[in-house]
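Chemist: sequence first, predicted model second:
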Amino acid sequence: MSGRRRRIPVLAARQHRSGTVLMGIFVLGLAAAWAAHHALVASDWNSRTTSRLSMVWLALFFVFMAQTLMYHLERPRRLTPRLARQLDELHVSILVPVYNEDPGYLKLGLESFLRQTRLPNSVHIVDDGSTSSDYAEVRAWWEQAARQAGVATSWQRVPNGGKRHAQAHAVRVSSDADIYITCDSDSCFAPDAVAEVLAPFTRPRVQSVAGIVIATNNRANLLARITDLWFTTTQLVDRSGQSAVGAVMVNSGPLAAYRADVVRDNLGSYLNETFMGRPVMFSDDSLLTLYAQERGLTVQQPSAVVFTAMPEKWSHFSRMYLRWMRGSTIRSVWRMKYLSPARPAFWLHLLRWFQMFLVQMVTVWLLLVEPLAFNNLPPASMLWVPFLIGWAQGLRYLGIIRSDERIRSRALTWLMMPLAIVLAWTVLRWLRWYGIVTCARTGWGTRQNGAEVSLNGSTPTPPTAPAPMDRPPAPAQHAKLLDPYSEQTLEISLRPR
């Protein structure tokens, strides 16, 4: 990419459902019929093969069809004038932790807060001991702009303690908030993101709301395109299905909203979480989501869109993905321990593990066991089934209309779905299992040497000294920072079932 600063227009996006839903149902039906046909072909290899594979294929088929039905049931929450007035009375605070962020991305995000159709009541920025910049120019601009817009704000610079500690500092100065919106320092909200993410809170049982995350830099290179395609489709398939039953399991860091009591009442355990005796420095969004699940419904609002910077280098992506997989493993332990079987999230969590193990076993069986032990080669046409399903589900990606990209560019990205599937079935699968095995490594792992993605496309200049983000604070200092909301160090403060 060029080292010159790229012109970034006002970023906006919306979900367009009608055509995509019809096409999705049609193509998914064809893909399901194709998969069922080849499942029958596989069952006819011989009598022994029938007993080995028939039930497995049947289980995968029903899981796939149930998932398809669930994500088509999701609908964005719409407001009546009366409900809109109720939401206007809520005090909404945006919490912005900053650590070694690119100043261009930080300013882009802050500008987006002031363009909202529903302005936040307050925005609280916490610089968590950044070593790459002091953000003096951005801070001076922001404080003046926020004051002119009538948005209350604070900007703190604190010793490095991790993202959760930065959020806690922001919570302490916004004790009158009714809703906390959490975001990342490179988040850029679509103009109606705040209004849309608040809409589901008109239902008293809703405790948290996830937004839809898409890439600001989706055309930077091939990796950014594939990541945007994979991540957006996953949200509009897996997470939309969870949202249909009020059981979103992980909110995304770039945009999520919580009832304030969910955050304040659990702040002690949020800051003190340990796993195998080690402080957990990541998976903060999934832990907040778990707190919300204990109290009620966790949903997604597909009309609340946020832009964020996706990795542009493989080293950055792999470290980020490993962190996600390690965090997912830790969170699975907590869900098993603390979530009640009466919660849909408990069973969806078990179903996800069942599906993952079953797919892994089927893959190994078809590619290794059948050819070597039984001299049965799977039909070559069966290799097309994952791609058909991927393209069908990827039509949801085309349903996101962006202000900065033409539909033909998004169609080009959609055509790259086979690359995303091959990546998911090979390298990412290995990273997933490696993350599960190494889940005790609870350090952050990225941005130690400054921002890894820059808005102007140039390589960020590393700081003169390594950042301490990946090193947990010393125990005494850790306890001192965490104790304002808790007198003791807890592993986690959830109610066991």
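Modeler: Arrived safely.
Chemist: would you double-check that Thr131 falls in a strand?
Modeler: No - the assignment for Thr131, made by DSSP: H, G, I helix; E, B strand; the rest coil, is coil rather than a strand.
Chemist: quick check: it touching Val98?
Modeler: No - judged on CB atoms under 8 Å, Thr131 makes no contact with Val98 at a distance of 11.9 Å. Just so you know, the C-beta spots here come from the backbone N, C-alpha and C atoms, and that holds for glycine as well.
Chemist: quick one, which of those two is more surrounded?
Modeler: Between Thr131 and Val98, Val98 has the larger neighbour count (other CB atoms under 10 Å), namely 25 against 19.
Chemist: now the more buried one: how far from Leu79?
Modeler: Per CB to CB, to the nearest Å, Val98 is found 32 Å from Leu79.
Chemist: please report how far Val364 lies from Pro371.
Modeler: Distance of Val364 to Pro371, given as CB to CB: 11 Å.
Chemist: and what of Gln301?
Modeler: 47 Å.
Chemist: next one: Asp127
Modeler: Look at Asp127 and Pro371: by CB to CB, they are 57 Å apart.
Chemist: between the two, which has more neighbouring residues?
Modeler: It is Asp127, of Asp127 and Pro371, that has more neighbours when counted by other CB under 10 Å, with 24 against 13.
Chemist: and the more buried one, bridged to which residues?
Modeler: Asp127 forms beta bridges with Val98, Arg157, as assigned by DSSP bridges.
Chemist: thought it was touching Gly161?
Modeler: No - look at Asp127 against Gly161 with CB under 8 Å: they stay out of range, at 11.6 Å.
Chemist: let me know the secondary structure of Ser174.
Modeler: Applying three-state DSSP to Ser174 yields a three-state assignment of coil.
Chemist: skipping adjacent residues, who's closest to it in space?
Modeler: Nearest in space to Ser174, with sequence neighbours left out and distances taken as CB to CB, 6 or more residues apart in numbering, is Ser93 at 4.1 Å.
Chemist: what residues are up against the one you found?
Modeler: Counting by CB atoms under 8 Å, 6 or more residues apart in numbering, Ser93 makes contact with Pro120, Asn121, Ser122, Val123, His124, Ala170, Ser174, Ala177, Ile179, Tyr180, Ile181, Ala260.
Chemist: mind checking which of those are in strands?
Modeler: Ser122, Val123, His124, Ile179, Tyr180, Ile181 (DSSP state E).
Chemist: okay, now the third one: neighbour count?
Modeler: As a burial measure, the neighbour count of His124 was computed by other CB under 10 Å and equals 25.
Chemist: correct me, but it touches Ser175?
Modeler: No - checked against CB under 8 Å, the pair His124 and Ser175 is beyond contact range at 11.1 Å.
Chemist: shaky segments in the stretch 351-497 of the chain?
Modeler: For the stretch 351-497 of the chain, the stretches with pLDDT under 70 are 378-382, 443-450, 457-497.
Chemist: the same query, at a cut-off of 90, please.
Modeler: By pLDDT under 90, the low-scoring segments of the stretch 351-497 of the chain are 351-396, 398-399, 407, 424-426, 429, 432-433, 436, 439-497.
Chemist: hang on, the earlier thing: does the residue nearest to Ser174 sit in a helix or strand, and which one?
Modeler: Per DSSP states H and E, Ser93 falls inside strand 92-98.
Chemist: much appreciated, bye for now.
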